[in-house]
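Asker: sequence? don't have it. structure:
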C-alpha cells in the first residue's frame, strides 16, 4: 500500500464568507458549516468557536480532536464506515490541513475532564495547544440517551473535519510524506536480515465513553485484528473514549500515530515493520485472556522477532498489557511496552495497577498524577462548570483568584501512551 | 444464573438472588469481592475501571461467578492489587460525590456492556 500525506501548513484560522485555504490561512464559513452539521436530526444547536496558540483560552470538556483532511486520490474520503460509505483505506493521496484541528466539546456526563489551555503553563502539557483549533460544541435534541448523545458528538466532529478538510482539495501542499510498505512476503524478500517488528495498539473497549472504533465497528466486538499501518494513518481508527483525558488516544493521534511513524522511519533500515494489530481492552477476565492469547498467536503466526505494545487508559488495561507481554516474552519475542504511570504526586508509588517480571523494556509517557497549576483563562469555550470538576479533587485545588491545581490526568493528551505529546522519557 | 453482581450502585435493581448489595463505599465493594474470591468464588470482571477518573466514582459494580473447588491465585493477585491501587490513588484524592448520579449511570452502562460480552440478558438483572 502507498499513501501520500500532503501537508498544507496552516498558519491561522478565521471565520469568513467562504470555507477555503489561502496563503496558509484557513477560513471557515460558520453559517454553512452549522447548517450542514444540523442535517443530523439528533443535533439541535451547534456553536462554533476558534482557539489559536497563545490566546488565553481554555477548552473544556474536550471529547475528541480530529485532523481535517480530504482524500484527493484513492478510495475513502471522510471516515468510511462512520461518516461515509465503506471503502478500503490506506492507498492514495490525502491533502492534510496540517496545524489545524477540529475539537469537539462533549458535556455528556458531569465528571468528564479534558482540558486544552492555549497559553501559559497549561499549553506546555498538551500537544493541542499548538494547533489552530476549530471548536464544535453541540446541543443535542431533547430525549437522547447518553449513548446516542455520545454517538452524535462523535459523528458531528468527524463530519466537521471532513467538511473543513474539503477546503484543501485544490491547494498545493507544502510538504509531501510518502508511506509505502508492500506485502509481508515482499518486504521480507527485500530485507531478509532485518528483524520483523509488529506494533500492537491496545484500545479501550468497555462501553459508554470507553470505546474505540475501527471502520465504524465497535472494537468491543472484535477479536484482535491485523491492519496495514496506512489504514490507521488514513482514518480507519476513531476514538469514542472520553473519560481518560490524559491517555485517551484522540482520533487526531490515531491519524498521526507516533509509533507507526517512528516504525516507518526505521523500516528497511533497522527493522522490517510488518503491520499493526489492534487489540481491544475488555472488562471480563475471560475476554482479556482471549484477546491476549489471540494477540500473541497473531504475532507468532506472522513470525515477529519484536513487538511494540502501546496501552490506552489505566487500571484494568494494565493487566492486558502485561499478559500480552508475558505471552510474547515466553514465546521468545522481544517486547517493548509503552504506557504511562500513576505514581502519586511525588512520583514514588507503584506506577501500574499490575506487574510482571517479563516487562523488562518499558517506556513511560509520564506521570498522570503530576500536579500542575493552571492560571484563570480570559475565555472558556465549552462548559465553565466543568472547571469545578477539574479542580474539585482535593482541598485547596481551586484558589480564590481562579487558579486551579489539577493533575495531568485532566489534560488532553498530556501523557499519551503512543508518544504523541510533549513529554519525553529520560534514563537516570 | 451463574453470575452475581457485587455493587453499591443504587441504580442496580435489588434482587437478592443475583446481587451482593454492599452498603458502603467503592473500597467496601472491593473488599467484599476479595472475601468472595478467598472463598473460592470466581472473579469474572476486572475490579478496576479503565481510567483514573473512574477511580473517583462513589459506585462500582463487579461481576463474580460460581464457587470453584479451588481458589484461583491469579484472581487473588488481581483483587489484592486492585485494593492496593485503589487505596494508593485515593490517598491524596477525594471521592467525587458532586457527580454521583453520572457515575452511577456510567457504572450501570459499563455493567450492561460487560453482560453483553458475556452474552447474558441483563434486563431482569439490572
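Answerer: Yes, it's here. If you're wondering where the values come from, they're calculated on a predicted model, not measured in any experiment.
Asker: and the helix or strand hosting residue A:321, is it in reach of chain B?
Answerer: Residue A:321 is part of helix A:316-330 when elements are defined by DSSP states H and E. Yes. For helix A:316-330 and chain B, the contact criterion (C-beta under 8 Å from any C-beta of the partner chain) is met by A:316-317, A:319. Heads up, the C-betas are built off the backbone N, CA and C, glycines and all.
Asker: So is the following helix or strand past that helix next to chain B?
Answerer: Remark: after helix A:316-330, the chain's next helix or strand is strand A:334-341, criterion DSSP H and E. No. Using C-beta under 8 Å from any C-beta, strand A:334-341 never reaches chain B; the gap is at least 9.8 Å.
Asker: now the helix or strand just after strand A:334-341 and helix A:316-330, what's the angle there?
Answerer: Remark: after strand A:334-341, the chain's next helix or strand is strand A:362-367, criterion DSSP H and E. If you take axes from the mean of the first three to the mean of the last three C-alpha atoms, to 10 degrees, strand A:362-367 sits at 160 degrees to helix A:316-330.
Asker: Show me what the next helix or strand after strand A:362-367 is packed against.
Answerer: Counting by DSSP H and E, the element after strand A:362-367 in chain order, helix or strand, is strand A:371-374. The helices and strands touching strand A:371-374, judged by 3 or more C-beta pairs under 8 Å, 6 or more residues apart in numbering or on different chains; DSSP states H and E, are helix A:120-125, strand A:404-407.
Asker: For the helix or strand just after strand A:371-374, which strands pair with it and how are they oriented?
Answerer: Later in the chain than strand A:371-374, the nearest helix or strand by DSSP H and E is strand A:379-382. Strand pairing for strand A:379-382, using DSSP bridges, gives strand A:57-60 (parallel).
Asker: Need the residues that contact the strand it pairs with.
Answerer: A:51, A:103, A:105, A:113-119, A:122, A:133, A:135, A:374, A:377-384, A:386-387, A:390 (C-beta atoms under 8 Å, 6 or more residues apart in numbering or on different chains).
Asker: Now the buried members of those.
Answerer: A:51, A:103, A:105, A:113-119, A:122, A:133, A:135, A:374, A:377, A:380-383, A:386-387, A:390 (16 or more other C-beta atoms under 10 Å in any protein chain shown).
Asker: Pick the most deeply packed of the helices and strands packed on strand A:371-374.
Answerer: strand A:404-407 (a mean of 22; mean count of other C-beta atoms under 10 Å in any protein chain shown).
Asker: Determine the set of other helices and strands touching that one.
Answerer: Counting by 3+ C-beta pairs under 8 Å, 6+ apart, strand A:404-407 packs on strand A:371-374, helix A:386-391.
Asker: Reformat those into a markdown table and put mean pLDDT next to each item.
Answerer: Shown next, in a markdown table, are those (pLDDT from 0 to 100):
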| stretch | mean pLDDT |
| --- | --- |
| strand A:371-374 | 94 |
| helix A:386-391 | 78 |
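Asker: Residue A:164 contacts residue A:29, correct?
Answerer: No. Applying C-beta atoms under 8 Å as the test, residue A:164 and residue A:29 come out as separate, 9.9 Å apart.
Asker: Give me the common contacts of the two.
Answerer: With C-beta under 8 Å, 6+ apart as the test, residue A:164 and residue A:29 both reach residue A:19.
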